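>>> Build the 3D model from these lines:
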Amino acid sequence: MLVAAAVCPCPPLLVPDVAAGAAPELDAARSACADALGVLAAARPDLLVVVGPAGAGGSGSFPEGSEGSFSGFGVSLTVRLGEVPEGSPVPERRGLPASLAVGAWLLARARWTAAPAEGLGMEERSAAADCERTGRDLAARADRVALLVMGDGSACRTVKAPGYLDERAVDFDAAAVRALGSADLAALRALDGSLAYELKVSGRAPWQVLEGAARGAGLGGQLLYEDAPYGVGYAVAAWS
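Predicted coordinates for the structure are as follows:
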């Protein structure tokens, strides 16, 4: 059963080594992510699953101990998703997608030891029904399951945004942020996948995995951060 969730953005710029001189611009986001992870730890989960967007080559499950690299962003930095349990085989050498690597970095920064941590990459165009089904399956994995849900809002908030300016982006992000901040499952379920894809929203599929996992759990939400630096919507929320 799902007992807690943290929702965090997943830009590699969240990692100071990647952001370099611009790192202070996301200090508030990093602080909010740390607070959200504190909510996860306080819930005393038996299992943590980090869920994030991924391309076709990065979708699927990643066992504890999987590694991710930021070399593609010009930084010689490798992170590990938790640790390989003693006596367990070393995980296959399939690198974490960028979103899960950022999640692994957040966990390492928080010195996460509260529960074993695994990863799940979701293709960004996954159907809502598939996301919800995946979420229900995750929630049934252990008596006390926590999710770290990685994903960004639209990338079309300004003319300098990666997807340029799209007038629909503000309303989409506002609806998503309201849903994430209040743990509104119906509103998350109603997010338009086609529109999300047009607006380059990487978080839609992971958020709908969370919606499926949270059904019947009775969790409440709290919005910890919301902004759109670089024209991309970022939000941090904690559910417990």
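
>>> make it CA atoms for all contacts and neighbour counts henceforth
OK.

>>> Now for residue 180: which residues touch it?
7, 188, 221, 222, 223, 237 (Cα atoms under 8 Å, 6 or more residues apart in numbering).

>>> any chance of those in a markdown table, plus pLDDT?
Below are those laid out as a markdown table (pLDDT from 0 to 100):
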| residue | pLDDT |
| --- | --- |
| 7 | 98 |
| 188 | 98 |
| 221 | 98 |
| 222 | 98 |
| 223 | 98 |
| 237 | 98 |
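
>>> Of those, which belong to strands?
7, 221, 222, 223, 237 (DSSP state E).

>>> Report the buried members of those residues.
When the ones in strands among the contacts of residue 180 are checked for burial by 16 or more other Cα atoms under 10 Å, the buried set is 7, 221, 222, 223, 237.

>>> what stretches of the protein score poorly on pLDDT?
Judged against pLDDT under 70, the low-scoring parts of the chain cover residues 84-93.

>>> Show me the helices in it, by range?
16-19, 27-42, 98-109, 128-139, 169-182, 185-189, 193-198, 204-214 (DSSP state H).

>>> Most tightly packed of these?
Mean neighbours per residue, mean count of other Cα atoms under 10 Å, is largest over the helices of the chain for helix 204-214, with a mean of 29.

>>> what comes into contact with it?
For helix 204-214, contacts defined as Cα under 8 Å, 6+ apart pick out 1-2, 5, 51-53, 122-128, 131-139, 147, 149-151, 153, 185, 188-189, 191, 193, 196.

>>> can you give me how far it is from the chain middle?
Centroid separation for helix 204-214 versus its chain: 10 Å, with Cα atoms, centre = their mean, to the nearest Å.

>>> Quick one: residues contacting the most centrally placed residue in the chain.
Residue closest to the mean C-alpha point of the chain, counted by Cα atoms, centre = their mean, is residue 150 at 0.8 Å. Going by Cα under 8 Å, 6+ apart, residue 150 touches 7-10, 50-53, 99-100, 103, 203, 206.

>>> Please consider this matter closed, and thank you.
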